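# from the sequence below, what's the structure:
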Amino acid sequence: MKPSTQSRTSPTPSVEPPRPMGVFRGKPATKQLIAFYVAYLAAMQFGRWVLVIPDIPIVIWPPNGIVLAMLLTQPKQSWSWWISLAAIGELTGNAVWFHNPVGWAFGYIVANAIAVIFAATLMKPSGDEGFRFRRLSQVLRFLVVCVLVAPGLSATLGSAIDAFVGKNPFMKTWPYWWLGDATGILIATPLAISVMNAWDEKAWPSPIELFEGAAIAVSLSVLCFWVLSTDATYAFVLPMPILWAALRYEFRGVSFAVLVLTAAIAIQAQSFEYLPRSGADVAALQNMLRALILIAATTGLIVAGIARQQRQALANLALANDQLEQRVAERTREIEATEQRFKATFENAGVGISIVGGDGTLLRVNGSLARMLGRDVSEIEGRRIAEFTHPDDQALIDVAWNQLTVEGKDEYEQEKRYLHKTQKIVWGHTTVSCVRREDGKIDYLIKIIQDITERKRSEALRQLLMREVNHRSKNLLAIVQVIARQTAKHSPAKFVEILNQRLQALAANQDILVHNEWKRVALSDLVTGQLAHLEAIVDRVRLSGPPILVPAAVAQSLGMALHELATNAVKYGSLSTETGQVDISWEAENDRFRMTWRESGGPPVTQPDRKGFGTTVLERMVASSMSGEVILDYSPDGFSWELTCPMSSLEDSDCADA
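Down below sits the predicted model:
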């Protein structure tokens, strides 16, 4: 309990009353002082009633336990009030029951005050917090300081007073005094502290606890009457119910059980004077019972301290376990969220991602990589990356592995070819990061593969176009020479005019090819445009075929082929003579497209010794771009070129891969 303070809820300022000065500061509430005074007198009377030894009026002194409990639970500034009121109570008891001279009484008061102040100071060195038993170390310190040492101080001073006034010898009084004070503190102090704490916390016992407490009290009483009726032969069984109370209700149970045990012994002890025993035997029996109370209370407090500490440890463990489970749950949620984010990133990334083991096995791949290779994820995981690498690029795997294992690099980049399920080539730009174990060995690799097939195709096309421009530039000079030679048969006046017109037509056609800005055009217009520079001999070129539109991509590759055919015909073939002819025809039948270039009337045809760029354009480029087949026939009577492909190749969709 705390001393009352002035309310701070009043909205108007108030003047605090002057505080007491000196030792009488911190006055407790009046009802507290009254309750303490009544409890002190009751403890004195209880001590008078419990046990009586001839020439020793008090053999158990609970009042010191009451005072010590107040000093331990109340602020230090209020100690003077409790000590003063205890002195008044002791003077009251002396006047009513003991009738000692006033000087003796004051001496006893001083002895008791020194003992309890000494004990309270050591037990409560600082702070105004209320004392309570929480740990075994507190119990042990209480037993040493308050039960062993402090009663020794009061016993020494009190026995000295008795010896000085000639009441009893020092050595006769001291053991009784010490045992009485020690037993009284063991009985009263834990009980008073438990009652005050329960009162402050409104921790009233439940009906089940009351029932079990009553069972403990009955057991103690029955055991006590039985033990004492057998001359205390089986006194060792009396602490058993106290241990029961200690394990079940800790310090509250111990203090209650010790009080019941003491009361039961006191009731039975009232008949000791009628026993057929000498006074010394009765005194010895009563000393044994006091020692029994002391041992039972001490054991009960130690067991209660162990039980409290164990329960607190279990509670702390449970709390720590709950906190750990909560942290684990939070961490699990974080990991799951991270895993979900990783999975979403992994699966929805626009590039191929794979986790590769240290042995090259694909442990995990995402959908983008699977689609890049034309397979399901299940078809890829568990297999080695080499199985999906183009045979000509297998050596790059060894180079990369050497960088990781020998050179100690953790990252590398390379471009290589992979194989689609349809055996189509897929170019990939591969970026690899290495994750190593503590010993430096490779744990796994993270591979990011970007599909660069279109880029490679564009690069190849640009290279092809560059080579084509270079090739056409060379052919252009030859064509100019042919145009000039064939134009020279005209009169000089018209030579310049006709030559200029033919060169302009040739330049216009070249401009179209270089810029490659054709839209969907008629095949006849495409052929005518490619032969425009042959105006002087266009009458020897015959065209035949139905109206067909071709997309820009087909027009580009087909136009390059027609230009190459026309150039070769002018330089080496049928158009290099005055009588040679060229028949160009096309047809669409049964979902197949066929186009033929056939020469006649020219010089004898022979198989070329080598295949140059022109042959590449005529065979591979046209056949690949139109997913068709090209046949070159070097018959002596005349060269022929035939293209066959599905009609779907003439649609607006992209052409097949090279």
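# pLDDT weak spots in the stretch 451-600 of the chain?
465, 468-469, 471-519, 533, 535-536, 552-553 (pLDDT under 70).
# mind listing the helices for it?
453-487, 492-515, 523-530, 552-571 (DSSP state H, counting those that start in this stretch).
# what's the answer for the stretch 1-150 of the chain, then?
Going by DSSP H, counting those that start in this stretch, the stretch 1-150 of the chain shows helices at 30-50, 63-73, 79-93, 102-123, 136-142, 150-165.
# can you name the next helix or strand after the last one?
Using DSSP states H and E, the next helix or strand after helix 150-165 towards the C-terminus is helix 170-201.
# how near is the residue nearest the centre of the chain to residue 323?
Nearest to the mean C-alpha position of the chain, counting by CA atoms, centre = their mean, stands residue 331 at 2.9 Å. To residue 323, residue 331 is 12 Å away according to CB to CB, to the nearest Å. The way it works is simple: take the backbone N, C-alpha and C, and place the C-beta from them, glycine included.
# so who does residue 152 touch?
Listed by CB atoms under 8 Å, 6 or more residues apart in numbering, the contact partners of residue 152 are residue 178.
# can you point me to the longest helix in the protein?
helix 279-348 (DSSP state H).
# what lies in contact with the very next helix or strand once past that helix?
Per DSSP H and E, the first helix or strand lying C-terminal to helix 279-348 is strand 352-357. If you take CB under 8 Å, 6+ apart as the criterion, strand 352-357 is touched by 346, 362-366, 368-369, 372, 380, 385, 428, 444-451.
# with stretch 573-587 instead?
482, 523, 527, 534, 537, 540-546, 548, 566, 569-570, 593-603, 605, 638-639.
# buried ones among the residues you listed?
482, 523, 527, 534, 537, 540-541, 545, 548, 566, 569-570, 593, 595-602, 605, 638-639 (16 or more other CB atoms under 10 Å).
# which of the residues you listed fall in strands?
Judged by DSSP state E, strands contain the following of the buried ones among the contacts of stretch 573-587: 541, 593, 595-600, 638-639.
# quick one: which of those is nearest residue 174?
Nearest to residue 174, judged by CB to CB, of these is residue 593 at 131.0 Å.
# can you tell me how far the closest one sits from residue 625?
13 Å.
# also residue 194?
Residue 194 sits 100 Å away from residue 625, going by CB to CB.
# over to residue 137?
According to CB to CB, residue 137 stands 93 Å off from residue 625.
# in terms of neighbours, single out the busier of these two.
With neighbours defined as other CB atoms under 10 Å, residue 137 and residue 625 compare such that residue 625 has more, 23 against 10.
# wait, that one sits on residue 555?
No: Residue 625 is beyond contact range of residue 555, at 10.6 Å (criterion: CB atoms under 8 Å).
# list the contacts of residue 381.
With CB under 8 Å, 6+ apart, residue 381 has these contacts: 362-365.
# sheet partners, orientation included, of the longest strand along the chain?
Criterion DSSP E: the longest strand present in the chain is strand 425-436. Paired with strand 425-436 in the same sheet, following DSSP bridges, are strand 411-419 (antiparallel), strand 442-451 (antiparallel).
# adding mean neighbour count, write the ones you listed out as TSV.
Below are the strands paired with strand 425-436 laid out as TSV (neighbours: other CB atoms under 10 Å):
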stretch	mean neighbour count
strand 411-419	16
strand 442-451	18
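# compare those strands and give me the one nearest residue 435.
strand 442-451 (4.9 Å).
# what's that closest one in contact with?
351-358, 363, 369, 372, 385, 404-405, 418, 426-437.
# tell me what angle it forms with strand 352-357.
Counting by axes from the mean of the first three to the mean of the last three CA atoms, to 10 degrees, strand 442-451 lies at 160 degrees to strand 352-357.
# with just CA atoms, put strand 442-451 into PDB.
The C-alpha atoms that make up strand 442-451 are tabulated as PDB, following Å, rounded to 0.1, in the frame of the first residue of the first chain:
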ATOM      1  CA  ILE A 442      30.400 -23.900 -57.500                       C
ATOM      2  CA  ASP A 443      27.100 -24.400 -55.800                       C
ATOM      3  CA  TYR A 444      24.800 -23.300 -58.700                       C
ATOM      4  CA  LEU A 445      24.700 -21.000 -61.700                       C
ATOM      5  CA  ILE A 446      22.100 -18.400 -62.600                       C
ATOM      6  CA  LYS A 447      21.700 -18.200 -66.400                       C
ATOM      7  CA  ILE A 448      19.700 -15.500 -68.200                       C
ATOM      8  CA  ILE A 449      19.300 -16.200 -71.900                       C
ATOM      9  CA  GLN A 450      17.900 -13.500 -74.200                       C
ATOM     10  CA  ASP A 451      16.600 -14.600 -77.600                       C
END
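# mind checking how far the helix or strand where residue 399 lies is from the chain centre?
Element membership of residue 399, judged by DSSP H and E, is helix 394-405. Put simply, helix 394-405 sits 37 Å off its chain's centre (CA atoms, centre = their mean, to the nearest Å).
# try stretch 175-191
57 Å.
# could you list the buried residues of it?
Result for stretch 175-191 [16+ other CB under 10 Å]: buried residues 176-191.
# ditto for stretch 640-655
Buried residues in stretch 640-655 (16+ other CB under 10 Å): 640-641, 643, 645, 649-650, 655.
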